[in-house]
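Chemist: just the structure for this:
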Amino acid sequence: PSRKSICPGLASAKTIEATHMLALDFESGGRKAGVSAGALDGNAVHEECERVASLVAPTFSINAIVNEEKQAVRLYAGDWRLAHRAACDYYLDRFSVPNPSKRDIVIVSSGGFPHDINVIQAHKALDMAALACKDGGTIILLAECSDGLGRPDFLKWFEETDSRALAARLVNGYEVNGQTAWALLTKAERFRVCLVSELPEDDVRRMRMVPVRTIEEALDQAGNGDGFIMPRGAAVLPRVET
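Modeler: Residues are numbered from 1 along each chain as shown. As a prediction, the model looks like this:
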């Protein structure tokens, strides 16, 4: 198995919570330096999960790279650390997109079902779009969210006044879905996030996003500016030089 198959895959709830909390910098109210998509070295979450996995002493792993049709296009097998790192290097080379600068508007789709089944899953595309958008810019997120929020109690986290207050709440009572809510809220504070979905408008507003029903309506609100289009947001990693 790979590292992720063991931690968080087979880990206890307590271990999963402890490793996820390493992503948060509670003093700054943001994400801890080094913890980001595509980063292994210096990433506290990855390094701790790898340490936990090493306690099992795995002897072999298989890592698959899949394309947009969910077909395996490359396999890396062998030592559980080296095979995983080789797969990550290949992914960064083939599926990350270098760009010279961030832009004013990013239109991002979660990629359809099941990637947009709910808000928690759709956030993965928003996470990637945030890497390509200027602070203060507009992100238009296309996600049907046919299954709603993903958790019946997800909105409780948005009772806090801002992301700093939510981070403080997580210190006292951490939950993985609370961290997702915190991550979403930090983006809603940095960008104008227009959500094209089937969710009730009041729920979208409580999450600090702007509810819209069509992409045309969202573009009218976004105004003019340079932009990116990300048809399958969670499958592509923007690497933007600031």
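Chemist: please make it C-alpha for all contacts and neighbour counts, starting now.
Modeler: Noted.
Chemist: so where's this protein uncertain?
Modeler: The model of the chain has pLDDT under 70 over residues 1, 26-29, 240-242.
Chemist: who's sitting farthest from the centroid in it?
Modeler: T59 (29.9 Å; Cα atoms, centre = their mean).
Chemist: and it, helix, strand or coil?
Modeler: Secondary structure of T59, reduced to three states by DSSP: H, G, I helix; E, B strand; the rest coil: coil.
Chemist: list the contacts for it?
Modeler: Going by Cα atoms under 8 Å, 6 or more residues apart in numbering, T59 touches 78-80.
Chemist: the nearest residue to V204 once chain neighbours are set aside and Q221, how far apart?
Modeler: Nearest residue to V204, sequence neighbours excluded (Cα to Cα, 6 or more residues apart in numbering): P211, at 5.8 Å. Per Cα to Cα, to the nearest Å, P211 is found 11 Å from Q221.
Chemist: of the two, which one has the most company?
Modeler: P211 (21 against 15; other Cα atoms under 10 Å).
Chemist: name the SS class of the more buried one, please.
Modeler: Secondary structure state of P211, per three-state DSSP, is strand.
Chemist: so who does it touch?
Modeler: Residues counted as contacts of P211 (Cα under 8 Å, 6+ apart) are 194-197, 201, 204-205.
Chemist: at 10 Å what do you get?
Modeler: By Cα atoms under 10 Å, 6 or more residues apart in numbering, the contact list for P211 reads 193-205, 217-218.
Chemist: any idea what it is bridged to?
Modeler: Under DSSP bridges, the beta-bridge partners of P211 are L195.
Chemist: roughly how far apart are it and D25?
Modeler: Separation of P211 from D25 (Cα to Cα): 30 Å.
Chemist: biggest strand in this structure by residues?
Modeler: The longest strand of the chain (DSSP state E) is strand 133-142.
Chemist: direction included, what does it pair up with?
Modeler: Applying DSSP bridges to the sheet, strand 133-142 is found paired with strand 103-109 (parallel), strand 192-196 (parallel).
Chemist: what's the following helix or strand after the last one?
Modeler: Downstream of strand 192-196, the next assigned helix or strand under DSSP states H and E is helix 201-206.
Chemist: tell me where this protein has helices.
Modeler: Taking DSSP state H as the criterion, the chain carries its helices at 3-6, 13-21, 44-54, 80-95, 119-130, 163-172, 176-190, 201-206, 215-222.
Chemist: what residues does the second one touch?
Modeler: Applying Cα under 10 Å, 6+ apart, the external contacts of helix 13-21 come out as 7-12, 31-32, 44-49, 52, 170-171, 174-176, 179.
Chemist: returning to that earlier point: which among the strands paired with strand 133-142 is found nearest to L166?
Modeler: strand 192-196 (18.8 Å; Cα to Cα).
Chemist: would you mark the buried spots in that closest one?
Modeler: Buried residues in strand 192-196, defined by neighbour count with 16 or more other Cα atoms under 10 Å: 192-196.
Chemist: quick one, phi psi at P152?
Modeler: When read as degrees, to the nearest 10, the backbone of P152 gives phi -60, psi -20.
Chemist: isn't D104 up against D226?
Modeler: Yes. Counting by Cα atoms under 10 Å, D104 does reach D226; the two are 5.6 Å apart.
Chemist: overlap of the contact sets of P211 and Q221?
Modeler: Shared contacts of P211 and Q221 (Cα under 10 Å, 6+ apart): C194.
Chemist: please parse the protein into its domains.
Modeler: Following automatic domain parsing, the chain resolves into domains at 3-96, 100-240.
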